[in-house]
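Student: Only the shape, not the letters, is given here:
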């Protein structure tokens, strides 16, 4: 959409309305909560991109990408973990791709939630594998390591093990991370939905 | 409202608490860059030595090492995975049972990554211990950080504890309506939607209300904004910045020529 316009920068800045800007901190909060609940319910997934996808559905790819990246910048500042900034690239990719699917009107059909989630999962797995190998030597200190170990022990190569273990664990995570915001946006009262222009691409 | 902000900052009256946040940010970023540029783990560990004078001068030396305990598990896994499965391994150290081989260059790579993580973590934590996020944003805005980004950074720090308490309310409310949050995996997954649904609806409502409140205070107008927390870049900040950059360049040259 930015390409078509002459002053693409203005169009891009237009995406960042005050409502969209206010949405970013809230969705970063949701990203954090997703993780909190899954630990509380003892689920084997993170759900830390759920707010990013929600942003994508309300405010489009650019806001979601920036907001996703900022999730990790802010956690880095809050807890003093500089390595989390590198993983912001994963969030950026998830936000952009989810927003792009929304923009294309893919998510009007319920069944496409599944494919979108799966594609996001593969992309996130690829990006995060590269980062995890270069920044943390392939160790993420979570349940994924166990899956990686299984693949490695079965004689798979280093990269193949890390990528396939991540695709496996991300798949369920990302499908849920698309489904929950999707159903929330579908059921959002009209009063609020009309304030976010991307909701028309879903409802 | 300080108690409602997500904060690692510890208030102390020290030299490094007083200097400008962007100076400290520059030091931290330089250290992180150096951990990637320096030749090997010995040089990266020399970098770690710098935290001792800086930590003592900041009066937070003991606290700086607090997050290191989280690294133990990572280190163990790191040495196992890299030592046994390093993809570029050529230099064999010894044969292990069950057909595994321990690679020397894998272990060296693990040491490189491990020392990098350690140094990044310690300096990153030093930065947040000595820098109030409000000061950081006010200082960065002087260098040209857009207002919107500054707003997002500060608000998020307040938002996270707020949404957490909101979540707790929702969980309690749904439990009192008979929602089961325990049981097998499928039951747990099913309880997700009634928990997150209200959170999403509530957050959209909040976003709309907040944006109205902000606009009522001329948030998106172009006029100059004021800061609640004020910071100034003094001459000593500039001197420290130049020294830090110079030291880093010398460090890189020494690391690769010696």
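Tutor: Right, received. Where do you want to start? Keep in mind it's a predicted model, so treat the numbers as computed, not measured.

Student: Tell me which residues touch residue A:53, please.
Tutor: A:64, A:94, A:95, A:98, A:120, A:177, A:178, A:181 (CB atoms under 8 Å, 6 or more residues apart in numbering or on different chains). C-betas here are computed from N, CA, C, even on glycine.

Student: Identify the residue spatially nearest to the fifth one, adjacent ones excluded.
Tutor: In this structure, residue A:120 finds its nearest non-sequential neighbour in residue A:174, 4.6 Å apart by CB to CB, 6 or more residues apart in numbering or on different chains.

Student: Show the pLDDT at that neighbour.
Tutor: Here, the pLDDT recorded for residue A:174 equals 92.

Student: what's near enough to touch residue A:58?
Tutor: So residue A:58 contacts A:20, A:23, A:185, A:196, A:198, A:199, B:204 (CB under 8 Å, 6+ apart).

Student: mind checking the SS state of it?
Tutor: Secondary structure assignment for residue A:58 (DSSP: H, G, I helix; E, B strand; the rest coil): helix.

Student: contacting residues for residue 134?
Tutor: Unless you meant another one, I'm taking chain A. Neighbouring residues of residue A:134 by CB under 8 Å, 6+ apart: there are none.

Student: that's the wrong chain, I wanted chain B
Tutor: Counting by CB under 8 Å, 6+ apart, residue B:134 has contacts B:154, B:228, B:229.

Student: Equivalent analysis for residue B:174, please.
Tutor: Contacts of residue B:174 by CB under 8 Å, 6+ apart are B:191, B:194, B:195, B:198.

Student: Wait, the first one touches residue B:181, no?
Tutor: Yes. A contact is recorded between residue B:191 and residue B:181 when judged using CB atoms under 8 Å, the distance being 5.0 Å.

Student: Remind me which helix or strand residue A:123 belongs to.
Tutor: helix A:112-136 (DSSP states H and E).

Student: In that helix, which residues are buried?
Tutor: A:112-113, A:116-133, A:135-136 (16 or more other CB atoms under 10 Å in any protein chain shown).

Student: Show the backbone phi and psi for residue B:222.
Tutor: For residue B:222, the backbone dihedrals (degrees, to the nearest 10) come out as phi -90, psi 0.

Student: Against chain A, how distant is it?
Tutor: According to CB to the nearest CB, to the nearest Å, residue B:222 stands 13 Å off from chain A.

Student: Make sure residue B:54 is actually in contact with residue B:129.
Tutor: No. Contact criterion CB under 8 Å: residue B:54 and residue B:129 do not qualify, at 11.0 Å.

Student: Give me the below-cutoff pLDDT ranges for chain B.
Tutor: B:1-5, B:99 (pLDDT under 70).

Student: Leaving out sequence neighbours, find the closest residue to residue 152.
Tutor: Here I'm looking at chain A. Closest residue in space to residue A:152, ignoring its immediate chain neighbours: residue A:161 at 4.7 Å, by CB to CB, 6+ apart.

Student: ah, no, chain B please
Tutor: Nearest one to residue B:152, counting by CB to CB, 6+ apart, is residue A:24 at 5.1 Å.

Student: contacting residues around the one you found?
Tutor: For residue A:24, the contact set (CB under 8 Å, 6+ apart) comprises A:55, A:63, A:66, A:67, A:70, B:152, B:156.

Student: Let me know whether the second one touches residue A:55 as I believe.
Tutor: This points to residue A:63. Yes. If you go by CB under 8 Å, residue A:63 and residue A:55 touch, sitting 5.6 Å apart.

Student: which residues are common contacts for residue B:191 and residue B:181?
Tutor: Counting by CB under 8 Å, 6+ apart, the residues touching both residue B:191 and residue B:181 are residue A:41.

Student: tell me which of the contacts of residue B:134 is nearest to residue A:140?
Tutor: Nearest to residue A:140 among these, counting by CB to CB, is residue B:154 at 29.5 Å.

Student: Find the nearest non-adjacent residue to that closest one, please.
Tutor: In space, residue B:154 is closest to residue B:137, 5.5 Å off (CB to CB, 6+ apart).

Student: Now for that neighbour: which residues touch it?
Tutor: Here residue B:137 is in contact with B:145, B:150, B:153, B:154 (CB under 8 Å, 6+ apart).

Student: hmm, 10 Å instead?
Tutor: By CB atoms under 10 Å, 6 or more residues apart in numbering or on different chains, the contact set of residue B:137 is A:77, B:21, B:145, B:147, B:149-154, B:157, B:227, B:229, B:231.

Student: Got a quick PyMOL command for the buried subset of those residues?
Tutor: Command for PyMOL that selects the buried part of the contacts of residue B:137, burial taken from 16+ other CB under 10 Å:
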select buried, (chain A and resi 77) or (chain B and resi 21+145+149+150+151+152+153+154+157+231)
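
Student: What is the nearest of the contacts of residue B:137 to residue B:84?
Tutor: Nearest to residue B:84 out of the contacts of residue B:137 is residue A:77 (CB to CB; 35.9 Å).
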